[in-house]
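Colleague: this one's sequence-less:
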C-alpha cells in the first residue's frame, strides 16, 4: 500500500489557468510527483460567483479526483479555498487538502511603512478565511484592497502585458502607492502571471508576495509526514484536464508552464464531472 500511495498523483484544480502558478511551483519543488491539473474553464471565473456555487463545484471536482486515485488535493484557487476548504476537509476526511490563504501574515511582518495592498477576487474578500487572517495577523497594519475587475479574464485570454491589462493594474495599484504601500499580496492564483507588469508599476522598492512557493513547500511537508512522497527522483508527468476548450488551454501552456502539454476534455453532466 505504501508503494501504491507513493505513485498516486496529486490533484490540483482551479477555475482556469490561475492554478498553473501553483502547479508550476509544486513541479519545481517536487519534480518527481505525478500530478493531475483540472481547469474548470466552463465556470471561470469563480470570483464573482456565489460562494455556495463555488462550494458545489469544489466538492464535485474532489469526487472526480478521487475516481482518479489522487493522494492529495490542492485547491489552487483562493475563491474555492475561501468557499469550500473547511467543508471539503469535513466531507472527505480520508484525503488531505492544501488550500490557498492570502499571504497577509508575511506581508504584515515584512512591511516597513505599515501599509500593504491585497489584490484578490470579491469572493475571497467576502470569505471568513480572509477576515480571520486580517484579524489575526494585521493588527496595526493598514490593509488596502482591490478586486482588479477584469484581470482574471485578461489572464485567461493569455493577455499578460497589454495596455488593457496594465490599465486594470494601474487602477488598483496607483491609489495604493499614493497611500504608501511597500508590499503587495497576490490573493488570486491567476495574478502571479502578471508579476512582471505589477513590478513595473510599483517599482523595485515594493515587495510582491506570490504564495505559490509556500503552498508547494506545504504540499511537500504533508507528503513527507504521511509517508506518501514519490520514491523516485525522475521527473514525472502532468495530466492536464479542462472543462472548457482543449485547444485554448494547450496554447497557453508553453507561456505559463514553460513547456507544452496535451490536454484532455472533461464535461459537466447532471451535476457530475467526467471525461468527455
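Modeller: Okay, I see it. In this text the structure is predicted, and so the values were computed from the model without any measurement.
Colleague: For the helix or strand hosting residue 218, which helices and strands make contact with it?
Modeller: In this structure, residue 218 sits in helix 212-226 according to DSSP states H and E. If you count contacts as 3 or more C-beta pairs under 8 Å, 6 or more residues apart in numbering; DSSP states H and E, helix 212-226 packs onto helix 20-29, strand 72-75, strand 97-98. Quick note: C-beta positions are derived from backbone N, CA and C, even for glycine.
Colleague: Figure out how far the first one is from the centre of its chain.
Modeller: What it means is helix 20-29. 10 Å (C-alpha atoms, centre = their mean, to the nearest Å).
Colleague: for the record, mean pLDDT for it?
Modeller: When pLDDT is averaged over helix 20-29, the result is 96.
Colleague: quick one: it to helix 212-226, angle?
Modeller: When axes from the mean of the first three to the mean of the last three C-alpha atoms, to 10 degrees is applied, the directions of helix 20-29 and helix 212-226 differ by 50 degrees.
Colleague: list the buried ones in the following helix or strand past helix 20-29?
Modeller: On the C-terminal side of helix 20-29, the closest following helix or strand by DSSP H and E is strand 35-39. Neighbour-count burial for strand 35-39 flags 35, 36, 37, 38, 39 (criterion: 16 or more other C-beta atoms under 10 Å).
Colleague: which strands and helices sit next to the following helix or strand past the helix holding residue 218?
Modeller: Next helix or strand after helix 212-226 toward the C-terminus (DSSP H and E): strand 238-242. Using 3+ C-beta pairs under 8 Å, 6+ apart, the elements in contact with strand 238-242 are strand 35-39, helix 246-257, strand 263-269.
Colleague: for the stretch 1-150 of the chain, what spans make up the helices?
Modeller: Using DSSP state H, counting those that start in this stretch, the helices of the stretch 1-150 of the chain run over 2-7, 20-29, 51-67, 78-91, 104-110, 122-126, 128-137.
Colleague: which stretch among these comes nearest residue 169?
Modeller: Judged by C-beta to C-beta, the one of the helices of the stretch 1-150 of the chain that comes nearest to residue 169 is helix 20-29, at 16.2 Å.
Colleague: How about the contacts made by residue 38?
Modeller: 11, 12, 13, 14, 61, 64, 65, 241, 242, 243, 266 (C-beta atoms under 8 Å, 6 or more residues apart in numbering).
Colleague: highest average neighbour count across the helices and strands packed on helix 212-226?
Modeller: strand 72-75 (a mean of 26; mean count of other C-beta atoms under 10 Å).
Colleague: Please report how far residue 41 lies from residue 16.
Modeller: According to C-beta to C-beta, to the nearest Å, residue 41 and residue 16 sit 5 Å apart.
Colleague: which one of those two has more residues nearby?
Modeller: residue 16 (27 against 20; other C-beta atoms under 10 Å).
Colleague: Thought residue 47 was touching the more buried one, still the case?
Modeller: No - look at residue 16 against residue 47 with C-beta atoms under 8 Å: they stay out of range, at 10.4 Å.
Colleague: Now the common contact residues for these two.
Modeller: In contact with both residue 16 and residue 47: residue 152, using C-beta under 8 Å, 6+ apart.
Colleague: on that earlier part again, as CSV, the helices of the stretch 1-150 of the chain with distance to residue 274 would be great.
Modeller: Below are the helices of the stretch 1-150 of the chain laid out as CSV (distance: least, C-beta to C-beta, whole Å):
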stretch, distance to residue 274
helix 2-7, 23
helix 20-29, 22
helix 51-67, 7
helix 78-91, 20
helix 104-110, 38
helix 122-126, 26
helix 128-137, 30
